[in-house]
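> predicted model follows, preceded by the sequence.
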Amino acid sequence: MSMNVHQSPPQVEMGQSIPPIAKKSTTKRGQQGINFTIDEDIKLVSTWLNVSLDAVTSTDQKHTTFWDRIWSTFHNDKKFNRTMDSLNSRWSTIQRETNKFCGCLAQIENRNESGKTEHDKIEDAKAMYQSNSKNAFQLEYCWRILRNEAKWLILRDNLKVRTRQPTAQSCHTFASSINLDEDNDEMNSGETLERPIGKKAEKEKLKKRKNCDDVAPILSSQLDEIKEEKRRMHEEKKESMRIALEERRELMRIASEERRELIRIKEEKNEVEKRKMEDEIMMKHTRTMDPKQKEYIRLRHLEILERLKSKFPS
């Protein structure tokens, strides 16, 4: 997506309190009733990204360790004061509602309506979100920070594929099936066994069991292939995140070097102009000047000479 629409959302302004979405805050007694401000939300999202995109540890860390680091980083400037539980709860809300909005936007984009600008599509997604959730989308500023990070780019592509399926799904369905903190791998299986009736039924049961025993190695092999494919996709996601982080750091380095070069060129230009002006002063004739002008030129001569002596000591 283009980055040309990063203006702040019209619904809120910096410093305002944001009412909780869908459920009450889980903060401790000392903070009950104190909603997160936009500044706190932005700090939490930035902190989560910094910790999760750490090229050294990434997401290969325990849940408690991960949130210990988020809590510590969130409070590094001592500007805010939140418990770890309240940060975890608020992040869950931000993630859930942002995922819902991503689902709505994916459905809008897959319509391919002619003449629709990116701004139009975002507004349509907001309307769809409000229709489904009965509330306006209040976390656009969080979505604009997250939208171009590797995890949300992958989420966006996945949602677009899902919305092309024959069975329509709401953006609530997408959000409930996606967790960006960790992979959810659940496999439920079960079978109903009936009591065999007579000898013939017992033989049929043994035959089916034999067929199952023959199929078991095939299913096991297929399961191993699925696990390997999932492991490969996980590694690819980690690699894409690492590459995205390196590219961002390289762009910052290049921008810093360009700024230093511009400053150097400007300083050189100023020095050249200054020397040209001083040369003109040194070459001025004072015969036609009045005494005050002559004194000024004399003092400027001394000033220029003193500066040159300090710059080029003999």
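Everything's here; your move.
> quick one, phi psi at T37?
phi -90, psi 170 (degrees, to the nearest 10).
> that one: neighbouring residues, count only.
Residues near T37, counting by other C-beta atoms under 10 Å, number 16. Every residue, glycine included, has its C-beta placed from N, CA and C.
> please report how far S133 lies from I34.
Distance, S133 to I34, by C-beta to C-beta, to the nearest Å: 24 Å.
> ok, these two, which is more surrounded?
S133 (19 against 14).
> the closest residue to that one other than its chain neighbours and S72: what is the separation?
Residue nearest to S133 in three dimensions, not counting chain neighbours: K100, with 6.8 Å by C-beta to C-beta, 6 or more residues apart in numbering. Going from K100 to S72 by C-beta to C-beta gives 30 Å.
> between those two, which one's more packed in?
K100 (27 against 12).
> surely F137 is in contact with C102?
No - between F137 and C102 there is no contact under C-beta atoms under 8 Å: 10.8 Å.
> joint contacts of the two?
W143 (C-beta atoms under 8 Å, 6 or more residues apart in numbering).
> the two: which is more packed in?
Using other C-beta under 10 Å, the more surrounded residue of F137 and C102 is C102, with 25 against 22.
> check which element follows the helix or strand where the more buried one lies along the chain.
Following DSSP states H and E, one finds C102 within helix 84-109. As assigned by DSSP H and E, the chain's next helix or strand after helix 84-109 is helix 118-133.
> by contact count, what packs against that next one?
helix 84-109, helix 171-176 (3 or more C-beta pairs under 8 Å, 6 or more residues apart in numbering; DSSP states H and E).
> okay, angle between the longest one and helix 118-133 too, please.
Between helix 84-109 and helix 118-133, the angle comes out at 120 degrees (axes from the mean of the first three to the mean of the last three C-alpha atoms, to 10 degrees).
> quick check: mean pLDDT across helix 84-109?
Per-residue pLDDT over helix 84-109 has a mean of 92.
> buried ones in it?
Across helix 84-109, burial judged by 16 or more other C-beta atoms under 10 Å covers 86-91, 93-109.
> in contact with D290, which residues?
Contacts of D290 (C-beta under 8 Å, 6+ apart): none.
> tell me how far it lies from R248.
64 Å.
> return the set of buried residues in stretch 136-150.
Buried-residue list, stretch 136-150, by 16+ other C-beta under 10 Å: 137-147, 149-150.
> of those, closest to L302?
Nearest to L302 out of those is I145 (C-beta to C-beta; 58.4 Å).
> which SSE is the closest residue to that closest one other than its chain neighbours in?
In space, and not counting its chain neighbours, I145 is closest to V45: 5.2 Å by C-beta to C-beta, 6+ apart. Under the criterion of DSSP H and E, V45 resides in helix 38-52.
> quick one, that helix and helix 84-109 angle?
Using the same axes, to 10 degrees: helix 38-52 against helix 84-109 is 90 degrees.
> alpha carbons only: can I get helix 38-52 in PDB?
This file holds the C-alpha atoms of helix 38-52, laid out as PDB (Å, rounded to 0.1, in the frame of the first residue of the first chain):
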ATOM      1  CA  ILE A  38      -3.100   8.000  21.700                       C
ATOM      2  CA  ASP A  39       0.400   8.600  23.000                       C
ATOM      3  CA  GLU A  40       0.400   5.400  25.100                       C
ATOM      4  CA  ASP A  41      -1.100   3.400  22.200                       C
ATOM      5  CA  ILE A  42       1.600   4.600  19.800                       C
ATOM      6  CA  LYS A  43       4.300   3.900  22.300                       C
ATOM      7  CA  LEU A  44       2.900   0.400  22.900                       C
ATOM      8  CA  VAL A  45       2.700  -0.400  19.200                       C
ATOM      9  CA  SER A  46       6.200   0.900  18.600                       C
ATOM     10  CA  THR A  47       7.500  -1.000  21.500                       C
ATOM     11  CA  TRP A  48       5.800  -4.200  20.400                       C
ATOM     12  CA  LEU A  49       7.300  -3.800  16.900                       C
ATOM     13  CA  ASN A  50      10.800  -3.100  18.300                       C
ATOM     14  CA  VAL A  51      10.800  -6.100  20.500                       C
ATOM     15  CA  SER A  52       9.200  -8.500  18.000                       C
END
